[in-house]
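Peer 1: Model the following, please.
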Amino acid sequence: MAGFGIHLSISGGVAQAAARARELGCDTFQIFSRNPRTLKAKPIDPDDATAFRAIVGELEIRPVVIHVNYLINVASPKDDTYQLSVDALTDELVRADVLGAELVVMHPGNHLGSGVEAGAARIASAIDRAYESTGARARLCLENMAGAGTEIGTTFAELRTIIDMARLGPTLGVCFDTCHAYGAGYDVCTARGLRATIEEARSAVGIERIVAVHANDSKGQLGGRKDQHEHIGHGAIGLPGFRNILACPELAGLPFILETPVDSPEDQVRDLAAIRSCAQQDEHRQLTGRMRVEV
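Peer 2: Reported below is the predicted structural model:
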């Protein structure tokens, strides 16, 4: 069965995020390891890191996922931006190891008009440099994107281009974002559309490379190229769509992490309950089907 969790704030320290995961009853969770709105970052406080790892170890919450800073753009053709981004990505991998995180999720980047091929080559080089300078243990995962502007990673084929170019490509994972996929034109809310999406992923990157799901409903429409997350069941994907997604055997057992809007603490409780309800309904449907077959 899939595990469910939330992207949690690190306001007050990373240990506070772990405590919130405990409070919510998360099976998994995701955080930023640093302020997502600046490329500068202070080192993680050692006591905070120790407390974080203690809570995670006590609860056996797995995996712990770090989301890379939004300002990192290792596809940039601008030399100064690129170097700052490579340095920041390197730091993200170091911080993930300090916290004992298993996965690091990264938006591939924006090529800013230089083209997908050139941008993918810069991304691949940055990944190789970051790992070779750190020897980091956390697994980096490329996230599929909605396709706004000059984003790279809108299709599985674009993600494959990065993987093929990187010397460390065989070790890279993929984080599948449902809202981004829907915005990019993948009809993940219908059984037929989801099956076509899964088969394209199988052909382009390999299903075994998908190691996490960002479970987000979508404010935008199919193919609208909008990265606008919505509460589970309140958007265009809807509860039937998430029941289809959770029933997909290729995604079974993966960590499902919600990045839905948080206007109040109750939003996180409601969204977790909504997606768990979808999973329980799918389990009931499968059990009922087996009972009918046996009878």
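Peer 1: now the helices: where do they sit in the stretch 101-250 of the chain?
Peer 2: Using DSSP state H, counting those that start in this stretch, the helices found in the stretch 101-250 of the chain span residues 116-134, 156-165, 178-184, 191-204, 238-247.
Peer 1: I'd like to know which elements the shortest one is packed against.
Peer 2: Yep, that's helix 178-184 we're talking about. In terms of contacts (3 or more CB pairs under 8 Å, 6 or more residues apart in numbering; DSSP states H and E), helix 178-184 is packed against strand 210-214, strand 217-218, helix 238-247. Where you see a C-beta, it was placed from the backbone N, CA and C, and this is true even at glycine.
Peer 1: Dump the ones you listed into CSV; add mean pLDDT and mean neighbour count as well.
Peer 2: Below are those laid out as CSV (pLDDT from 0 to 100; neighbours: other CB atoms under 10 Å):
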stretch, mean pLDDT, mean neighbour count
strand 210-214, 98, 23
strand 217-218, 98, 28
helix 238-247, 97, 20
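Peer 1: export those to CSV and tack on distance to residue 157?
Peer 2: Formatted as CSV, the entries for the helices and strands packed on helix 178-184 read as follows, by distance: least, CB to CB, whole Å:
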stretch, distance to residue 157
strand 210-214, 15
strand 217-218, 22
helix 238-247, 21
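Peer 1: that older thread, tell me the most buried of the helices of the stretch 101-250 of the chain?
Peer 2: When neighbours are counted by mean count of other CB atoms under 10 Å, the highest per-stretch mean among the helices of the stretch 101-250 of the chain falls to helix 178-184, a mean of 28.
Peer 1: what about the stretch 1-150 of the chain, any weak spots by pLDDT?
Peer 2: Within the stretch 1-150 of the chain, the segments meeting pLDDT under 70 span 1.
Peer 1: can you redo the helices of the stretch 101-250 of the chain as TSV with distance to residue 145?
Peer 2: Compiled in TSV, the helices of the stretch 101-250 of the chain are given as follows (distance: least, CB to CB, whole Å):
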stretch	distance to residue 145
helix 116-134	12
helix 156-165	9
helix 178-184	5
helix 191-204	14
helix 238-247	18
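Peer 1: out of these, nearest to residue 30?
Peer 2: Across the helices of the stretch 101-250 of the chain, residue 30 has its closest neighbour in helix 178-184 (14.6 Å, CB to CB).
Peer 1: can I have that closest one written out in PDB, keeping just the CAs?
Peer 2: Provided in PDB are the C-alpha atoms of helix 178-184 (Å, rounded to 0.1, in the frame of the first residue of the first chain):
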ATOM      1  CA  THR A 178       0.100  14.600 -11.000                       C
ATOM      2  CA  CYS A 179      -0.800  18.300 -11.400                       C
ATOM      3  CA  HIS A 180       2.300  19.000 -13.600                       C
ATOM      4  CA  ALA A 181       1.400  15.900 -15.700                       C
ATOM      5  CA  TYR A 182      -2.200  17.100 -16.200                       C
ATOM      6  CA  GLY A 183      -1.000  20.600 -17.100                       C
ATOM      7  CA  ALA A 184       1.400  19.200 -19.600                       C
END
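Peer 1: what mean pLDDT would you report for it?
Peer 2: What helix 178-184 shows for mean pLDDT is 98.
Peer 1: which residues touch that helix?
Peer 2: 143-148, 154-155, 188-189, 197, 213-218, 220, 222-230, 235-237, 241-242, 245 (CB atoms under 8 Å, 6 or more residues apart in numbering).
Peer 1: hmm, try it at 6 Å
Peer 2: Outside helix 178-184, the residues that touch it by CB atoms under 6 Å, 6 or more residues apart in numbering are 144-147, 154, 188, 215-216, 218, 220, 222, 224-226, 229, 237.
Peer 1: same question, stretch 239-254
Peer 2: Stretch 239-254 is contacted from outside by 2, 189, 191, 194, 198, 207, 213, 233, 278, 279, 282, using CB under 6 Å, 6+ apart.
Peer 1: Out of those residues, name the two that are farthest from one another.
Peer 2: Spatially, the most separated pair among the contacts of stretch 239-254 is 207 and 233, at 26.3 Å (CB to CB).
Peer 1: re the thing from before, which of the contacts of helix 178-184 sits closest to residue 15?
Peer 2: Distances from residue 15 to those, taken by CB to CB, are shortest for residue 215, at 25.1 Å.
Peer 1: Could you give the number of residues near the closest one?
Peer 2: Counted with other CB atoms under 10 Å, the neighbours of residue 215 add up to 31.
Peer 1: Show the contacting residues for the nearest residue to it once chain neighbours are set aside.
Peer 2: Leaving aside its chain neighbours, residue 215 sits nearest to residue 256 (4.4 Å; criterion: CB to CB, 6 or more residues apart in numbering). By CB under 6 Å, 6+ apart, the contact list for residue 256 reads 2, 4, 213, 215.
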